[in-house]
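**Q** Coordinates for the following, if possible.
(4 chains)
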There are 2 protein chains.
Amino acid sequence: MAVTIKDIARRTGKSITTVSRALADYDDVSPATKELVRRVADEMGYTPNRLAQRLQKRRTETIGLILPTFGPRFADPFFSELLAGIGNTAASYGYDLLVSTQAPGEKELETYRQKVQGGQVDGLIVVRTRRHDKRIDYLRKADVPFAVFGRTEDALDYPFVDEDGEYGMQLMVEHLVDLGHRRIACIAPPPHLMFAHYRMLGIHKAMEKAGLALQDELLVVGDLTQRGGYQQAERLLDLSPRPSAIIACNDLMALGAMSAAQKRGLVVGRDITITGFDDIPMAEHAHPPLTTVHQPIYKIGSMVCDMLLQILSGQEPEERQVILKPKLIVRQSSGAVA
Amino acid sequence: MAVTIKDIARRTGKSITTVSRALADYDDVSPATKELVRRVADEMGYTPNRLAQRLQKRRTETIGLILPTFGPRFADPFFSELLAGIGNTAASYGYDLLVSTQAPGEKELETYRQKVQGGQVDGLIVVRTRRHDKRIDYLRKADVPFAVFGRTEDALDYPFVDEDGEYGMQLMVEHLVDLGHRRIACIAPPPHLMFAHYRMLGIHKAMEKAGLALQDELLVVGDLTQRGGYQQAERLLDLSPRPSAIIACNDLMALGAMSAAQKRGLVVGRDITITGFDDIPMAEHAHPPLTTVHQPIYKIGSMVCDMLLQILSGQEPEERQVILKPKLIVRQSSGAVA
DNA sequence: TTGAAAGCGCTAACAA
DNA sequence: TTGTTAGCGCTTTCAA
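**A** Below is the predicted model of the structure:
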């Protein structure tokens, strides 16, 4: 079927070794031979069998990414952009990207183990860290190269890129307080996620600093989807007095919350303030445009991938633990309290 | 490093052949031996080296997906859901998914060739077909198993799943005509995409049937993003008289168009009707909720993957060319003409 | 029921 | 500068 190095050897009358080395551009092959081998290889439409190369070199030149999907409607623009960042970077270094989808839970670690022990990947990228993350425990123990988007509670010494969610939320709360908001509600992410911890910490700290407290009744937890934001916002909007501002901990939930408010005839940005986090493209084009905290998600994907690639090439990454300072993006979904 | 079949052989005192066969559950291995081998394998934490298995079996058990990304802000919820459908299905059959990102153009075919000839994948899934699609020409000529989401103009005999965009748009136009709309505008997709062809065909046919015509000034082309929808909608809204309805050919552009209208103080669904296509989760939670045509994208991903898997297993797929009938989803972004 | 041996396509140490 | 040989980890004839 496929043309192999053997076919080229036969055709050129050289040994397979010579062919292999000619193709790899070794110094100890005569220019004439190189020339010949290359021409014939070209003519025959030769492409090296990567599997064989990899088996021999014991390097897969593949990095693994296991996407934590929940349910079938996994339509998170956040992840597709992250994927683009990772994928493009990997490709630019000649690496392949092996993507698995796997809901968090029992079988999750098994999937990681399989990819690693099965020699399918040289390293892994971990995303959406949990407060205490077994995936990271496993990868450390198994001594597998990996890089992470996000931190964990134990502050272990592994390479990661993260965004300073605490700082981002502080900016956000300060912004709202400046606008005169006092009765501030929050739609939090599932608390086992590490980014939830930082974002909530930022909110609590900043509110305290402003002499406020996040009241229990004003704190609800959403599932990060638009639907979740919608549902939780309804609960908050039922309260009386109503909160004057709702901080949703990601844009998707904020967008859902905006719908809930608008359905009740409220004008977002005037009657109620709603804010997000992430700055997905949709945020800019929402109506009204969403006040949020920018997270350079494509760049983060690219950086994490770069980091892993550096580790795989045996170098120490220039920066091993990066925490990006986010920017507050003020748009029209936040306004002065009525 | 990793435990190999050889280690198990040494430990059990059996030959590597026997170990291999015991693990593969061959009939001609004694129960006692099987038992022993399995226990030891377990104890030693053995995981088969997939690369070696694959090289030997000359099957990669991997399917390739090459995502046509444009620019860095590739945040299309459509693709992440498709990916989930493909990924979950592949995983359920023990197949891996190799994802590459590659902008359409020169290097695109090279990427396909590499994956195929390099023996990295057993088959490929092609998405977002063009009217005349070189990727499909190549895969046919190279005799590589593949399955496609979308059709092409040449109506070649390859396996695909597609949605009847023509029919979907007919439903949409009828709906608008019923609501009294006559001055209907359209934000079309880039015309080289095949789904653009079908959707536009549906629009033209249905309008003709209603005794209308899509006027040149009411037809603009967008880039499928929200920003693109926004920009093109601005052009349409500048016209006078303004169109009473705008059909955006995908939801993302419709969402952008809604923002543009709302920015001008128009109430969508009352002052102007805006519709989409795809029914991404966001459509339901937009404000107002978006009238659109439902496309079961997760299911399509799953079906295409299934189809490819059946081909790879040597079966003829039950259905080789599937065209799904879409449903019109009427929500509040469409209303009677003022 | 088991094992020896060949080979998947490739690379690399070594010898010529 | 080139070729011989071994081997990556596995599966699978074939013979015992």
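
**Q** so where is chain A shaky, pLDDT-wise?
**A** For chain A, applying pLDDT under 70 flags the ranges A:72.

**Q** Contact partners for the residue in the stretch 51-200 of chain A that DNA strand C sits nearest to?
**A** Using Cβ to the nearest atom of the strand, residue A:52 is the residue of the stretch 51-200 of chain A that sits closest to DNA strand C, at 3.3 Å. Backbone N, C-alpha and C define where each C-beta goes, glycine included. Applying Cβ atoms under 8 Å, 6 or more residues apart in numbering or on different chains to residue A:52 gives the contacts B:55, B:119.

**Q** Next up, identify which helix or strand it is on.
**A** helix A:50-57 (DSSP states H and E).

**Q** close to DNA strand D, is that helix?
**A** Yes: judged by Cβ under 7 Å from any atom of the strand, helix A:50-57 and DNA strand D are in contact via A:52, A:55, A:56.

**Q** Neighbours of the last one, how many?
**A** Residue A:56 is surrounded by 10 other residues when neighbours are defined as other Cβ atoms under 10 Å in any protein chain shown.

**Q** Could you check the helix or strand where residue A:233 lies and say which residues are buried?
**A** Element membership for residue A:233 (DSSP H and E) is helix A:226-238. The neighbour-count check on helix A:226-238 (16 or more other Cβ atoms under 10 Å in any protein chain shown) flags A:226, A:227, A:228, A:229, A:230, A:231, A:232, A:233, A:234, A:236, A:237 as buried.

**Q** Over to stretch A:205-222?
**A** In terms of neighbour count (16+ other Cβ under 10 Å), stretch A:205-222 has its buried residues at A:206, A:207, A:210, A:212, A:214, A:218, A:219, A:220, A:222.

**Q** I'd like to know which residues of the stretch 51-200 of chain A are adjacent to DNA strand C.
**A** Counting by Cβ under 7 Å from any atom of the strand, the residues of the stretch 51-200 of chain A that sit close to DNA strand C are A:52, A:53, A:55, A:56, A:57.

**Q** got the contact list for the residue lying closest to residue A:116 once chain neighbours are set aside?
**A** Distance criterion Cβ to Cβ, 6 or more residues apart in numbering or on different chains; nearest residue to residue A:116, sequence neighbours excluded, is residue A:144 at 5.0 Å. Residues near residue A:144 by Cβ under 8 Å, 6+ apart: A:116, A:123, A:124.

**Q** State the distance from the residue in the stretch 101-250 of chain A that DNA strand D sits nearest to to residue A:142.
**A** Residue of the stretch 101-250 of chain A nearest DNA strand D, by Cβ to the nearest atom of the strand: residue A:119 (7.0 Å). Applying Cβ to Cβ, to the nearest Å, the value for residue A:119 to residue A:142 is 13 Å.

**Q** Comparing these two, which residue is more hemmed in?
**A** Using other Cβ under 10 Å as the criterion, residue A:119 and residue A:142 rank with residue A:119 on top: 22 against 13.

**Q** which among the buried residues of helix A:226-238 gets closest to residue B:199?
**A** If you rank the buried residues of helix A:226-238 by distance to residue B:199 using Cβ to Cβ, residue A:226 comes first, at 25.0 Å.

**Q** What helix or strand is the residue nearest to that closest one when sequence neighbours are not counted located in?
**A** Nearest non-adjacent residue to residue A:226, counting by Cβ to Cβ, 6+ apart: residue A:256, 3.9 Å away. Using DSSP H and E, residue A:256 sits in helix A:251-263.

**Q** still on that earlier bit, helix or strand right after the helix holding residue A:52?
**A** Later in the chain than helix A:50-57, the nearest helix or strand by DSSP H and E is strand A:62-67.

**Q** Helices along chain A, start to end?
**A** A:5-12, A:16-23, A:31-44, A:50-57, A:77-92, A:106-117, A:134-141, A:165-178, A:194-209, A:226-238, A:251-263, A:281-284, A:297-312 (DSSP state H).
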